[in-house]
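S.K.: Requesting a structural model of the entry that follows:
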Amino acid sequence: EAFKLPFTPDEYIAERNRRTKELFPNVDILPGCNRLTAHLAAHGVPFGIATSSSKKTFGWKTSKKQEWLSTFQVVVTGDDVANGKPDPEIFIKAAKGLGSEPGPHCIVFEDAPAGIESGTSAGGMRCVALKNQYTDASLYTEAGAEIILESIEQFVPEDFGLPPYPQT
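M.R.: Residues are numbered from 1 along each chain as shown. The predicted structure follows:
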């Protein structure tokens, strides 16, 4: 009311959800993700997803990616935890879902400083920041990122104690 917008809050939410549901299924997997997850799977390295997205939104994002999604051993969404990032609960739950205690043997890939803070607070997990164009790089460093990448394609597995990618 104060802003005299041409729609109500409920109308805005309904339209946002309609557009999100329409657009999210067509979002591409980030470059380098398929290669990394296939590599980890080939070497028996467990991996999962810990996303702040709701189950519904995550379902929209992954509806056309079910084959790829099936390679993840655990998926924890914002609906599965009581506290959102930067609380470490989501990463602790993901680690335990992978049969592990959280700690520096776990690697977090995050695009938000709150997620970096969450990961480092979860037993000192090692955090790789995936920089986005809207976030100042210093915020990732302040949150505890070990390294900041422009793309997962730049990730060097052996720098984190993982088997190297095969020579091409």
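S.K.: what's the single longest helix in the protein?
M.R.: Scanning the chain for the longest helix, with DSSP state H as the assignment, gives helix 9-23.
S.K.: can you count the residues close to residue 65?
M.R.: 15 (other Cβ atoms under 10 Å). C-beta here means a position set from N, CA and C on the backbone, and glycine is covered the same way.
S.K.: Surely residue 146 touches residue 119?
M.R.: No: the pair residue 146 / residue 119 is not scored as a contact, 9.8 Å apart, by Cβ atoms under 8 Å.
S.K.: Alpha carbons of the longest helix of the chain, as CSV, please.
M.R.: The C-alpha atoms that make up helix 9-23 are tabulated as CSV, following Å, rounded to 0.1, in the frame of the first residue of the first chain:
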residue,chain,number,x,y,z
PRO,A,9,1.6,-9.0,-2.2
ASP,A,10,-0.3,-12.3,-2.8
GLU,A,11,-0.6,-11.4,-6.6
TYR,A,12,3.1,-10.7,-6.7
ILE,A,13,4.0,-14.1,-5.0
ALA,A,14,1.6,-16.0,-7.3
GLU,A,15,3.1,-14.4,-10.4
ARG,A,16,6.7,-14.9,-9.2
ASN,A,17,5.9,-18.6,-8.5
ARG,A,18,4.3,-19.0,-11.9
ARG,A,19,7.3,-17.5,-13.7
THR,A,20,9.8,-19.4,-11.5
LYS,A,21,8.1,-22.7,-12.3
GLU,A,22,8.2,-21.9,-16.0
LEU,A,23,11.8,-20.7,-16.2
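S.K.: got any residues that touch both of residue 146 and residue 119?
M.R.: Contact criterion Cβ atoms under 8 Å, 6 or more residues apart in numbering; residues shared by residue 146 and residue 119: 126-127.
S.K.: Among those two, which residue is more densely surrounded?
M.R.: residue 119 (32 against 19).
S.K.: Distance of the more buried one relative to residue 8?
M.R.: For residue 119, the distance to residue 8 (Cβ to Cβ, to the nearest Å) stands at 38 Å.
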